[in-house]
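Undergrad: Here is my input; please provide its structure:
(3 chains)
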Amino acid sequence: MAHFDTEYQRLEASYSDSPPGEENLLMHVPEGAKSQWHHIENLDLFFQRISFYMVQKNGFTCMLLGEIFELVQLLFVVGFTVFLANCVDYDILFANKFVNHTDSSKVTLPDAFLPVDVCSARIRDNSFVIFVLIISGVFWLHRLVKFIYNVCCYWEIRSFYINALKMTMSELPYATWQEVQARIVEIQKEHQICIHKKELTELDIYHRILRFKNYMVAMVNKSLLPVRFRPPVLGECVFYTRGLKYNFELIFFWGPGSLFENEWSLKQEYKRGGNRLELADRLASRILWIGIANLLLCPVILVWQILYAFFSYTEVIKREPGSLGARCWSLYGRCYLRHFNELDHELMSRLSKGYKAASKYMNCFLSPLLTVVAKNVAFFAGSLLAVLIALTIYDEDVLAVEHVLSSITLLGVCITVCRSFIPDKHMVFCPEQLLRVILAHIHYMPDHWQGNAHRYETRDQFSHKSEICVYICGLSLFPLSVVDVRREDRGVYLPTGRGWEDRVISDALCHHQPSVAPSSGDHTLHQPAERTSSQRGNRGFRHTPTLTV
Amino acid sequence: MAHFDTEYQRLEASYSDSPPGEENLLMHVPEGAKSQWHHIENLDLFFQRISFYMVQKNGFTCMLLGEIFELVQLLFVVGFTVFLANCVDYDILFANKFVNHTDSSKVTLPDAFLPVDVCSARIRDNSFVIFVLIISGVFWLHRLVKFIYNVCCYWEIRSFYINALKMTMSELPYATWQEVQARIVEIQKEHQICIHKKELTELDIYHRILRFKNYMVAMVNKSLLPVRFRPPVLGECVFYTRGLKYNFELIFFWGPGSLFENEWSLKQEYKRGGNRLELADRLASRILWIGIANLLLCPVILVWQILYAFFSYTEVIKREPGSLGARCWSLYGRCYLRHFNELDHELMSRLSKGYKAASKYMNCFLSPLLTVVAKNVAFFAGSLLAVLIALTIYDEDVLAVEHVLSSITLLGVCITVCRSFIPDKHMVFCPEQLLRVILAHIHYMPDHWQGNAHRYETRDQFSHKSEICVYICGLSLFPLSVVDVRREDRGVYLPTGRGWEDRVISDALCHHQPSVAPSSGDHTLHQPAERTSSQRGNRGFRHTPTLTV
Amino acid sequence: MAHFDTEYQRLEASYSDSPPGEENLLMHVPEGAKSQWHHIENLDLFFQRISFYMVQKNGFTCMLLGEIFELVQLLFVVGFTVFLANCVDYDILFANKFVNHTDSSKVTLPDAFLPVDVCSARIRDNSFVIFVLIISGVFWLHRLVKFIYNVCCYWEIRSFYINALKMTMSELPYATWQEVQARIVEIQKEHQICIHKKELTELDIYHRILRFKNYMVAMVNKSLLPVRFRPPVLGECVFYTRGLKYNFELIFFWGPGSLFENEWSLKQEYKRGGNRLELADRLASRILWIGIANLLLCPVILVWQILYAFFSYTEVIKREPGSLGARCWSLYGRCYLRHFNELDHELMSRLSKGYKAASKYMNCFLSPLLTVVAKNVAFFAGSLLAVLIALTIYDEDVLAVEHVLSSITLLGVCITVCRSFIPDKHMVFCPEQLLRVILAHIHYMPDHWQGNAHRYETRDQFSHKSEICVYICGLSLFPLSVVDVRREDRGVYLPTGRGWEDRVISDALCHHQPSVAPSSGDHTLHQPAERTSSQRGNRGFRHTPTLTV
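TA: Presented below is the predicted three-dimensional model:
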């Protein structure tokens, strides 16, 4: 299952590509030699694309193929579902109805397909199907436009690599990000791609690429996002799905009415501290409307996700149900463990190194209660299965009895699921060592974990902080939850007189300097070591939105 | 398969819970403050239960659940077998007889079940079934009583933890045995749980918990138990199954007429050296009677074990036959490698650490002859399977031919079994290093192994000593063997004038002091390092049965 | 699949066992005590057999069994194929024709077999079958004779071990090659097994055993063999199969008209530098004839290989298609990475140690393009499979529909193949470290690899040099190719005035001294460290064919 999850993250299309004007230039740049790459307006997005293009080893072709496949997948899922729902005669498949064959007695698959005219008539009569088809069609066209736009952008990036950076496409896969970065710094002198500053440093590039991600990291670290809950029975839970993340970004960064004017500067009114209450109210009502939109779109998204999950995971469940229990770094964990100014591929390589130990650490904590139950359920299911298997081997006519085959399949799946809860008999239990290995990579440990690695509390905190949703959670990205979450927020935060969005902004941006002091129990803010040593004195997240380089 | 083997060892019920009187008190205890836990009579069993309760992480609930499931399993196995034998019409399942369905042509599973009255009549007419049901019923009731007794005991232990040791149930899973022990030593001063001594040391607790296990370890180390044989062809074999162990314990420790008066003191007559011959004769006749009882019970136990193995392992064989060849530390190995005064969980964690290397070491010695045979059998079976698979893919009607499906299944199992005898082509053969890793954990190596790790003899000795019965042996716990073993013993040992039981006792108890001197090739007696340093001078197994602390 | 590849390499039968005369004795040996082992004529072959016998742990029995099984396999493959082609009525299997059973309605497998007389008549009428049977029969008889001859030889070796080396057969499996060698050196003094020299050294023994293999290593290192090509699209390829190797050996070493007079001395005419052109022409025409013979035998060999591959690998593909992608050290890699004077088992143990790292290193370089395609193909196949599985679980009558079962099987295989191209999400990418581990074992690294481990070029060179054909290549040992290869050679090499065969000889033998100087980027010639330190001054491949010790 893990293998089907694509690593290629689509970059958001730039809705604010050409800003109306650069009102807040801090320095004036003399007119230099105008090249094609002179004064790139949306430098943030441009750098993001360059980085993204580099990390995809075969950049352009991979991007093209991946996006084309996604378009085809969308068509396929919708088309195949409509076909299955309208054009198949299941009575023939399930042998409840017999086919009149003159030549042979065997039923073939095409026998079960309805003729094209019957089928199209059924679709035409079904208004829900037509509604779905129209919605999907509109969405598909939107994606197609975006795809074409992306292709153009990446073609430009490609020519930037070739013409400006002087790298051939065959060299690119072997280049490291550090090399590319060094060349960009180099050509700034020649092409003046950024007009606000004479010289670009590596830190500038990182700040521009990671502007929004740094905000998110800061908000998660300061626990300003409402992603932790305490439901009655389960204890502390973290709910932070892709859908929620998308909504957060919509609200803060690029949706209509968001806090940012364009991709690199905050709106004027948010920079002044005066009318905070009013701004908080405006944001609250905005969140409400987005919540309502989520609620309305919910059924369509839900159906899509169920269909997509069914098509993606059914055969995985059949083949190796154990992989459903495979662990992965959760979205929240990735955000929490991220250093400031750390690119995606740098983060992923760091987390990958810690994955094996983290996974082992979590497996140390299989509940003994669950183990007892799993062992016994496996025994009972195994007994039934044993009898069915023995009968089948003795005489395979047993398989013709109704539901015997289904029972064998389901009992087999049941046993395999149970077995994933039974720890290995010869497992060595040494949580302290594992935790130390993990920390060497993830760089985060509160003081009170020391010496308590064997405790469930530590496990729980670790599992919240960093890890490792059971995959099934991957499906629970229903945006419905956003509505409730938001509503609660307004109740909790706004009456305090300072809107929480406000707190978010100020905390994340202004109050960050104090947390720079290295403290063992908290994030030490990260500055890529390879970069300009001259700036090493100013550790961490120095960027403020008023200073667009 | 390994995963279904429960780790929860049932403690023996205390048949001699309240001894008639404490005849051999060595010191007099003044009347102190009488608490609920003052003067616990059967302190051995009490400490055993405390330790067992702690090691089960979720103590009480796990124990409860585990025992309930065992009761249900017993009912299920008997009931399901009787149902399969009497209430199923196999002719319908195997399509030898047709069902008259008015509505549908499909046979369902319920069609094959006989009506309740026919079924109960068949059971009533079958006296063997009724006999089995009665026996099982009696046994089940016995288990039920034991279960209820155990629940009461553990409830008491639970309240001891909560009230005396002041540990909440939510703390318990994170506590180590060392912490619990320290608290017990602490509260002895307050509650005076042991009245024979003013202060308890950790060694006292270990001695009491492991009294019988230490005896067994001593007897195995001194090779006093008749568990090694030299059958004509196979070379030296070790036969030490759970059934045999149970019988040994019955004879020595707690059966009627055993050497021990109660759980902590030897009978008076065994303490005197005078009438050894007579005692040996008495023991010999006792062993004979136990052997006869084993023989009589043999069919019932045999049937039970076959049924249980069938229900437990059939689906494992079908799914992953390779796991049948998985290795595990044999019962004999666990006894041989055990230090004196080492608790079960301490031993298991030590052996688990050595497991991986030990398993690899044994795999270095796959017989090349067997490999050649396995490769060729796999080739021939694979050829037939290839043809059947190809035919099936071309047209699945082939599956309808009789026995084709069975053949595919059986050929597949056959190939997988063969493959487990074929070593990995890229395996690195470095037995010396592996052996060194193993020894770091199991702490035992005769001198002549040094430098001979690549020899089969070393392998054989290692495999006898420590390891790793192929699982199938797990099934051979037929107590039948006990009869033969015992009979042989009397022939061998008694004519020497000193009964071997006698030798066992004296060797194990009195002659042990000399073997205390640390020798590289032999067990150095183990004393948990964390415990009282004041006693470190007296290493090892100092406990004598006359001294009940 | 890797597991079925036999490690037992048949030694070539000695066609020139008793040479006509020892014309080129360099020294005269006085008549000593004549033992049975005095003056062994073909000492090369004798030492080879001793070494081979030792390396097979259970020497004689394994060899016997292995060869018998091979003979039986040959019979089985031919017989079973003929049976399948002529004696099975597939219409009955595929239920296109019905059987008239009076008693039961089920078709059994024997129903589908034709009666013996019909079957034998069909075989008799089919002249192609008879032709194949005759060819196979002749080949089988040839193998049988060789087998009997081998058994006799190895029986002699066995008695040499027992009587001369004084090793019992039960000791042999624990003996190392160094011990055996030491004993051979010892008994030379007594038995005078080599009459050309008074004392044998370890180097002499290695030179004799590895005479031809050293030539091949030299030729591969000097790139004299035409095994590298540059086909239009694929880039540089290495084509060096077992068939090609067999043909090379036929041409150079032991075929009629080869360069060697017998197994230890070059023909007189090749030792003189005079008539090189003429010799080259003669060799060229010989190569042509061997090519033509290959071409003529091609269909038979091709059919045999297809049949053998089908019988061997079909069930592997069905069970775990992933193993098809398993890597192994290629024939070319084994030759390239071999040191001079390194025995087979020494080489294999060295390569095995590097295998794990090498395999990981190669897996770092999964093409991202391929990954995108594989992920999407897996998605589409998985969708179809999901629907079929869901339908099957709901009602297994779906399986009775034609081609549903085949589709499920094929889709499953397709998905598994795709998955082998999708890298593990949590894989850590650190090629530099892996390459360093590999080099610790394979002892070969060109200077320009240093620091470029992450580049595809290094990967490509590494994969050419050393590694690790995808298994499917294992099937492509069609000797057809030899024809083309040879023809090209003559075109390329002969017009230069010095035949390439000539260059091969001179380069491999005479020009080797210069390459002895240890250079980091090239092979340092290897001399087993354990051997006579007195000879350590003369490193490397000092043996010249004129000096037959």
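Undergrad: which bits of the stretch 101-250 of chain A sit near chain B?
TA: The stretch 101-250 of chain A comes close to chain B at residues A:Lys106, as judged by CB under 8 Å from any CB of the partner chain. No exception for glycine: its C-beta is placed from N, CA and C like everyone else's.
Undergrad: mind showing which ranges of the stretch 51-200 of chain A have poor pLDDT?
TA: Counting by pLDDT under 70, the ranges of the stretch 51-200 of chain A that qualify are A:57-59, A:99-105.
Undergrad: Let's see that with 50 instead.
TA: For the stretch 51-200 of chain A, no stretch has pLDDT under 50.
Undergrad: what are the ranges of the helices in it?
TA: A:59-86, A:90-93, A:116-125, A:127-159, A:177-191 (DSSP state H, counting those that start in this stretch).
Undergrad: ditto for the stretch 201-350 of chain A
TA: A:202-209, A:211-221, A:242-249, A:268-271, A:276-319, A:331-336, A:344-363.
Undergrad: B:Phe98: which of the ones you listed is closest?
TA: B:Phe98 lies closest to helix A:276-319 among the helices of the stretch 201-350 of chain A, at 32.8 Å (CB to CB).
Undergrad: before we move on, the earlier item: out of the helices of the stretch 201-350 of chain A, point me to the one whose mean pLDDT is lowest.
TA: Per-stretch mean pLDDT for those is lowest at helix A:268-271 (a mean of 73).
Undergrad: wait, doesn't A:Lys375 sit right on A:Ile422?
TA: Yes. A:Lys375 is within contact range of A:Ile422, at 5.8 Å (criterion: CB atoms under 8 Å).
Undergrad: Look at those two and report which has more neighbours.
TA: A:Lys375 (21 against 18; other CB atoms under 10 Å in any protein chain shown).
Undergrad: Could you measure from that one over to B:Ala386?
TA: Applying CB to CB, to the nearest Å, the value for A:Lys375 to B:Ala386 is 38 Å.
Undergrad: Burial check on whatever residue of the stretch 401-549 of chain A ends up closest to chain C, number of neighbours?
TA: Nearest residue of the stretch 401-549 of chain A to chain C: A:Leu405, at 4.0 Å (CB to the nearest CB). When neighbours are defined as other CB under 10 Å, A:Leu405 has 21 of them.
Undergrad: ok now do it, which residues does it touch?
TA: A:399, C:392, C:396, C:399 (CB atoms under 8 Å, 6 or more residues apart in numbering or on different chains).
Undergrad: one more time with 7 Å
TA: By CB atoms under 7 Å, 6 or more residues apart in numbering or on different chains, the contact list for A:Leu405 reads A:399, C:392, C:396.
Undergrad: among these, which one has the lowest pLDDT?
TA: C:Glu396 (76).
Undergrad: about what we covered before: so the residue of the stretch 401-549 of chain A closest to chain C is in which element?
TA: helix A:404-419 (DSSP states H and E).
Undergrad: Alpha carbons of that helix, as PDB, please.
TA: Listed next in PDB are the C-alpha coordinates belonging to helix A:404-419 (Å, rounded to 0.1, in the frame of the first residue of the first chain):
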ATOM      1  CA  VAL A 404     -17.300 -21.900   1.000                       C
ATOM      2  CA  LEU A 405     -14.800 -20.000  -1.100                       C
ATOM      3  CA  SER A 406     -15.800 -16.700   0.300                       C
ATOM      4  CA  SER A 407     -15.500 -18.100   3.800                       C
ATOM      5  CA  ILE A 408     -12.000 -19.400   3.100                       C
ATOM      6  CA  THR A 409     -10.900 -16.000   1.800                       C
ATOM      7  CA  LEU A 410     -12.400 -14.100   4.700                       C
ATOM      8  CA  LEU A 411     -11.200 -16.400   7.400                       C
ATOM      9  CA  GLY A 412      -7.700 -16.200   5.800                       C
ATOM     10  CA  VAL A 413      -7.800 -12.400   5.900                       C
ATOM     11  CA  CYS A 414      -9.100 -12.500   9.500                       C
ATOM     12  CA  ILE A 415      -6.200 -14.700  10.600                       C
ATOM     13  CA  THR A 416      -3.600 -12.500   8.900                       C
ATOM     14  CA  VAL A 417      -5.000  -9.400  10.600                       C
ATOM     15  CA  CYS A 418      -4.900 -11.200  13.900                       C
ATOM     16  CA  ARG A 419      -1.300 -12.300  13.400                       C
END
